[in-house]
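Colleague: Sequence and predicted structure are below.
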Amino acid sequence: MEIVATRENCGATVSFVYNIYIVKNGEEYLYSEVFRAIRYDRINAEWISNEDILISYNNATIINSKKKWSSLLAGVYTRSVHIKYEHI
């Protein structure tokens, strides 16, 4: 699994939007973010174990955040990742 971060410019009324996704290795399709924020100073995402990710942020307006992510294969959950957050 990989952590993928994107930054989008959504226009004049909103600052940059920062998205974090969890995807299978080499997968290019980003379908459901686990974290979305605007107006941020700093955001970092890292694996802290095989099942845990830590997302740390400073001065961010959080739009979406999930505590758990699971992958599905033929309707069966194959892997779960717990997401922890830290305001720095």
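Modeller: Perfect, thanks for sending it.
Colleague: For Thr6, which non-adjacent residue is closest in space?
Modeller: In this structure, Thr6 finds its nearest non-sequential neighbour in Asn19, 4.7 Å apart by Cβ to Cβ, 6 or more residues apart in numbering. All C-beta spots, glycine's among them, are computed from the backbone N, C-alpha and C.
Colleague: Over to the one you found. Which of the three states is it?
Modeller: Reducing the assignment at Asn19 to three states with DSSP: H, G, I helix; E, B strand; the rest coil gives strand.
Colleague: Tell me which residues touch it, please.
Modeller: Taking Cβ atoms under 8 Å, 6 or more residues apart in numbering, we find Asn19 in contact with Ala5, Thr6, Arg7, Glu8, Leu30, Glu33, Phe35, Arg36.
Colleague: Out of those, who's the most crowded?
Modeller: Within the contacts of Asn19, neighbour counts (other Cβ atoms under 10 Å) peak at Phe35, which reaches 24 neighbours.
Colleague: what pairs with that one across the strands?
Modeller: Ile20, Ser65 (DSSP bridges).
Colleague: what sits against it?
Modeller: Phe35 makes contact with Tyr18, Asn19, Ile20, Ile43, Ala45, Ile55, Ile62, Asn64, Ser65, Lys66, Ile83, according to Cβ under 8 Å, 6+ apart.
Colleague: contacting residues around Ala45?
Modeller: Ile3, Ala5, Ile20, Phe35, Ile53, Leu54, Ile55, Ser56.
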